[in-house]
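Colleague: Mind looking at a prediction? Sequence and model below.
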Amino acid sequence: MATYLVITAQLHDRRKFIAGYGPAAAELTGRFGGEYLVRAPGLSVLEGDHPGGSLVISRWPDKAAALAFWNSPEYAEVRKLREGIADCQVLLVED
(Lines give C-alpha, C1' and ligand atoms only; values in the text may rest on other atoms or scores of the structure.)
Protein backbone atom coordinates (compact mmCIF):
# COMPACT_ATOMS: atom_id res chain seq x y z
CA MET A 1 0.00 0.00 0.00
CA ALA A 2 1.50 3.33 -1.04
CA THR A 3 2.46 5.74 1.71
CA TYR A 4 3.19 9.45 1.42
CA LEU A 5 5.30 11.89 3.38
CA VAL A 6 3.69 15.32 3.23
CA ILE A 7 5.95 18.09 4.43
CA THR A 8 5.19 21.76 4.80
CA ALA A 9 8.06 24.10 5.52
CA GLN A 10 8.67 27.71 6.42
CA LEU A 11 12.12 28.46 5.01
CA HIS A 12 14.18 31.11 6.78
CA ASP A 13 17.15 30.79 4.42
CA ARG A 14 15.98 29.38 1.09
CA ARG A 15 19.43 29.56 -0.53
CA LYS A 16 21.04 27.50 2.23
CA PHE A 17 18.15 25.02 2.25
CA ILE A 18 18.34 24.45 -1.52
CA ALA A 19 22.14 24.25 -1.56
CA GLY A 20 22.54 21.83 1.35
CA TYR A 21 19.50 19.98 2.62
CA GLY A 22 17.58 19.71 -0.66
CA PRO A 23 20.09 17.71 -2.71
CA ALA A 24 21.13 15.53 0.22
CA ALA A 25 17.51 14.64 1.09
CA ALA A 26 16.70 13.98 -2.58
CA GLU A 27 19.60 11.53 -2.93
CA LEU A 28 18.49 9.60 0.16
CA THR A 29 14.84 9.63 -0.92
CA GLY A 30 15.75 7.82 -4.12
CA ARG A 31 18.11 5.44 -2.37
CA PHE A 32 15.38 4.39 0.09
CA GLY A 33 12.79 3.84 -2.66
CA GLY A 34 10.85 7.10 -2.49
CA GLU A 35 9.95 9.46 -5.31
CA TYR A 36 8.93 13.09 -5.27
CA LEU A 37 5.47 13.96 -6.53
CA VAL A 38 5.54 17.66 -5.56
CA ARG A 39 8.32 20.05 -4.54
CA ALA A 40 6.89 23.54 -4.65
CA PRO A 41 7.65 26.85 -2.94
CA GLY A 42 4.17 28.35 -3.35
CA LEU A 43 1.86 26.86 -0.72
CA SER A 44 -1.20 29.06 -0.17
CA VAL A 45 -3.69 28.26 2.56
CA LEU A 46 -7.33 28.55 1.53
CA GLU A 47 -8.80 27.41 4.85
CA GLY A 48 -7.47 26.65 8.31
CA ASP A 49 -4.64 27.86 10.47
CA HIS A 50 -1.38 27.25 8.64
CA PRO A 51 1.28 29.82 7.71
CA GLY A 52 1.77 28.60 4.14
CA GLY A 53 5.28 28.19 2.74
CA SER A 54 6.72 25.30 0.77
CA LEU A 55 5.26 21.84 0.16
CA VAL A 56 6.94 18.50 -0.54
CA ILE A 57 5.07 15.25 -1.17
CA SER A 58 6.96 12.01 -1.64
CA ARG A 59 5.51 8.58 -2.40
CA TRP A 60 6.89 5.39 -0.86
CA PRO A 61 6.13 1.74 -1.66
CA ASP A 62 4.77 1.25 1.86
CA LYS A 63 4.88 2.58 5.41
CA ALA A 64 7.93 0.47 6.28
CA ALA A 65 9.96 2.06 3.45
CA ALA A 66 8.96 5.60 4.47
CA LEU A 67 9.84 4.92 8.10
CA ALA A 68 13.11 3.22 7.17
CA PHE A 69 14.10 6.45 5.42
CA TRP A 70 12.81 8.76 8.15
CA ASN A 71 14.43 6.84 11.00
CA SER A 72 17.71 6.04 9.25
CA PRO A 73 21.04 7.25 10.62
CA GLU A 74 21.76 8.71 7.17
CA TYR A 75 18.66 10.90 7.26
CA ALA A 76 19.38 11.92 10.85
CA GLU A 77 22.63 13.46 9.53
CA VAL A 78 20.91 15.13 6.57
CA ARG A 79 18.16 16.54 8.80
CA LYS A 80 20.84 18.53 10.66
CA LEU A 81 21.35 20.54 7.45
CA ARG A 82 17.94 22.20 7.89
CA GLU A 83 18.30 23.06 11.58
CA GLY A 84 17.74 26.77 12.09
CA ILE A 85 16.83 27.42 8.45
CA ALA A 86 13.43 25.70 8.20
CA ASP A 87 10.45 24.94 10.40
CA CYS A 88 8.78 21.79 9.13
CA GLN A 89 5.59 19.86 9.72
CA VAL A 90 5.77 16.23 8.55
CA LEU A 91 2.79 13.97 8.00
CA LEU A 92 2.76 10.26 7.16
CA VAL A 93 -0.29 9.32 5.07
CA GLU A 94 -1.20 5.77 4.16
CA ASP A 95 -3.21 5.22 0.99
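Modeller: Thanks, I have the structure now. Numbers count the residues shown, from 1 in each chain.

Colleague: Report the buried residues of the longest helix anywhere in the chain.
Modeller: Secondary structure of the chain per DSSP state H: the longest helix is helix 22-31. For helix 22-31, a neighbour-count test (16 or more other C-beta atoms under 10 Å) marks Gly22, Ala24, Ala25, Ala26, Leu28, Thr29 as buried. From N, CA and C alone the C-beta is placed, and that goes for glycine too.

Colleague: Adding distance to Val78, write the residues you listed out as JSON lines.
Modeller: Shown next, in JSON lines, are the buried residues of helix 22-31 (distance: C-beta to C-beta, whole Å):
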{"residue": "Gly22", "distance to Val78": "10"}
{"residue": "Ala24", "distance to Val78": "4"}
{"residue": "Ala25", "distance to Val78": "5"}
{"residue": "Ala26", "distance to Val78": "10"}
{"residue": "Leu28", "distance to Val78": "6"}
{"residue": "Thr29", "distance to Val78": "10"}
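
Colleague: For Asp87, identify the helix or strand it belongs to.
Modeller: strand 86-94 (DSSP states H and E).
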